[in-house]
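A.B. asks: What follows is a predicted structure for the sequence shown.
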Amino acid sequence: MAPMIEIQSLTKRFGSFTAVDGVSFTVDRGEVLGFLGPNGAGKSTTMKMLTGFLHPTSGTAKVCGHDILEAPLAAKKMLGYLPEGAPLYPDMTPRGFLEFVAEVRGFGGGEARRRVDEVIAKVNLASVAQQRIETLSKGFKRRVGLAQAILHDPEVLVLDEPTDGLDPNQKHEVRNLIRAMAREKVIVLSTHILEEVEAVCSRTIIIARGKVVIDCTPAELAARSRYHNAVTVSVGAERVAPVRHGLSMLDGVQSVEDLPERDGTARFVLIPKARRSIAVEVGQKVREARWEVDELRVEHGKLDEVFRELTVTGKH
Amino acid sequence: MHNVITLFKRELKGYFATPVAYVFIVVFLILAGGLTFKVGSWFDAGQANLQGFFTWHPWLYLFLIPAISMRLWAEERRQGTIELLFTLPVTMGHAVIAKFLAAWCFTGIALGLTFPMWISVNYLGDPDNGVILASYVGSFLMAGGYLAIGSFVSAWTKNQVIAFVLSVWLCFGFILIGTETILDFFAGWTPRAVLEALASFSFLTHFTSITKGVIDFRDLVFFGSLIACFLFMNAIAIELKKAD
């Protein structure tokens, strides 16, 4: 089966500045792709080209087989798009706005009304459906933005920073919505919140200075961290010295990093050599020496550290 | 076509969603009436025509039309809704035409609401209603010309104030170019053909000729091609500026 999204060496230049530089990837049905990168890396520009808002300088993209340059309207019909910041017409009510979108999407009369009702229920907008959009809270506005993106039940959803600027509860809601839709759609979402990637994405692409620097699963991404398989040890501050010393001498341990002391409990991280699993080794040593340890926790890796390494230093 | 109608309806409704539309209409009617009766001394003239009413239209439109057109695209770009609009299955041409037509229709409504003038003049005397009808058509066409210019200017900026000021100046140029003063300035040293070409670009020249009661084909072509030309440039301007 052909991929749902196919991006072929997409490039966008603004004057002498290259915002997106030969980006290529494909996305298949059932995937939730997290599109990561620092601000200004080219995430939004890539999405704007994919959704047909900006013309690429070179390269192209296909949405469900429709080329965005040769058949822009056909491609746009397959797409739902939430632009960055969820822009909306402030003078309209959510219902009026959604009815407008339904009409532009080609739904008439009863069908339009049915779809608008359905989507209002889906994103929980009923309580504010008749209020002017400019009077709504950020969370509601974002939901209106999501509602217009999913109104025509598109195969492909492109969401540019869907949770940016929302409070933790609102973030949670939006993520639940995304997760609920993930089963039947292809979703591409951009974010710079790394926890979001672990929360909703099945695959991540990191882009820096307009280029793809890595394309893998969130777990694989975490595995690149030097904290992958590291063990965090918590132990009473008065007993820490021998424990710390003893564990640092283990074969598998490369180095020890101290964390700030909290409520009389000292904490340190044992960094393994070559990201090897050292949990068993550490556990045995603790048991043999009969140390009273409060907590041993295996780390999966710190995404923000990998992110920084990939985007700042540009190393692979 | 279907999308033009949908977009047109949304735009037109948008005017009446805020008090702006009503304020505009009231200001337009007060100014149109005030200028005719007070400044133009319509009653003292003792003539059964609306000449004294239509004379003011180029100058009224000069400030009022840019006030409508300034938000057309500037606001769309400032709010970011332009991204929403052009990622819907809508073409550039559809959007430009729909927005223009909605604004034009709105000015048509405002113009139509001056009908008491027409009733008054018919009540008081026996005017040539053909001339009045032609003048209304001419005024409406001229409003379209101003709007197309304003819409084009609005596409270049996110700032409505800048759009307003630039539109006023550009429209002013289109009035001025036909006035005696400007033509006299060129008269001494430019060939007659150039002079006539310049004058033929003026709103005043064409509007005045229509208000005499004859809708000349050339006047229709002028306003029609002016509107088409500026809307075409409008679409190009959006394409060029939508990235920033």
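C.D. replies: Done, it's in.
A.B. asks: Name the residue of chain A that lies nearest to chain B.
C.D. replies: residue A:87 (3.3 Å; C-beta to the nearest C-beta). The C-beta positions use only the backbone N, C-alpha and C, and glycine is treated the same way.
A.B. asks: contacting residues for residue A:95?
C.D. replies: Residues near residue A:95 by C-beta atoms under 8 Å, 6 or more residues apart in numbering or on different chains: A:116, A:120, A:129-130.
A.B. asks: correction: residue A:140
C.D. replies: Contacts of residue A:140 (C-beta under 8 Å, 6+ apart): A:94, A:125, A:128.
A.B. asks: Export those residues to CSV and append columns for pLDDT, distance to chain B and secondary structure.
C.D. replies: Shown next, in CSV, are the contacts of residue A:140 (pLDDT from 0 to 100; distance: C-beta to the nearest C-beta, whole Å; DSSP: H, G, I helix; E, B strand; the rest coil):
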residue, pLDDT, distance to chain B, secondary structure
A:94, 95, 14, helix
A:125, 90, 17, coil
A:128, 93, 16, helix
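A.B. asks: before we move on, the earlier item: grab the nearest non-local neighbour of the residue of chain A closest to chain B.
C.D. replies: Sequence neighbours aside, residue B:80 is the residue nearest to residue A:87 in space, at 3.3 Å (criterion: C-beta to C-beta, 6 or more residues apart in numbering or on different chains).
A.B. asks: Quick check: the one you found touching residue A:90?
C.D. replies: No. Under the criterion of C-beta atoms under 8 Å, residue B:80 makes no contact with residue A:90, lying 11.2 Å away.
A.B. asks: Just give me the neighbour total for the residue lying closest to residue A:12 once chain neighbours are set aside.
C.D. replies: Excluding its sequence neighbours, the residue lying closest to residue A:12 (C-beta to C-beta, 6+ apart) is residue A:20, at 4.4 Å. Here the count is done by other C-beta atoms under 10 Å in any protein chain shown, and residue A:20 has 30 residues near it.
A.B. asks: Now do the same for residue A:20: helix, strand or coil?
C.D. replies: At residue A:20 the chain is in strand, as set by DSSP: H, G, I helix; E, B strand; the rest coil.
A.B. asks: where does chain A come near chain B, residue by residue?
C.D. replies: When proximity is defined by C-beta under 8 Å from any C-beta of the partner chain, chain A lies next to chain B at A:14, A:48, A:51-54, A:73, A:76-77, A:79, A:81, A:83-85, A:87-92, A:96, A:100-101, A:103-106, A:148.
A.B. asks: Mark which of those are part of helices, please.
C.D. replies: A:48, A:73, A:76-77, A:96, A:100-101, A:103-104, A:148 (DSSP state H).
A.B. asks: which two from these end up farthest apart in space?
C.D. replies: Using C-beta to C-beta, those span at most 26.1 Å, a distance reached by A:48 and A:96.
A.B. asks: Which one's more surrounded, those two?
C.D. replies: It is residue A:48, of residue A:48 and residue A:96, that has more neighbours when counted by other C-beta under 10 Å, with 26 against 20.
A.B. asks: what's the nearest residue to the more buried one if we skip its chain neighbours?
C.D. replies: residue A:54 (4.4 Å).
A.B. asks: Quick check: that neighbour vs residue A:99, distance?
C.D. replies: 28 Å (C-beta to C-beta, to the nearest Å).
A.B. asks: These two - which one has more neighbours?
C.D. replies: residue A:54 (23 against 20).
A.B. asks: contacting residues around the more buried one?
C.D. replies: Contacts of residue A:54 (C-beta under 8 Å, 6+ apart): A:12, A:45, A:48, B:242-243.
A.B. asks: Over to residue A:304?
C.D. replies: residue A:194.
A.B. asks: what's the helix or strand for it?
C.D. replies: Using DSSP states H and E, residue A:304 sits within helix A:303-308.
A.B. asks: Return the distance of that helix from the chain's centre.
C.D. replies: Distance of helix A:303-308 from the chain centroid (C-alpha atoms, centre = their mean, to the nearest Å) equals 13 Å.
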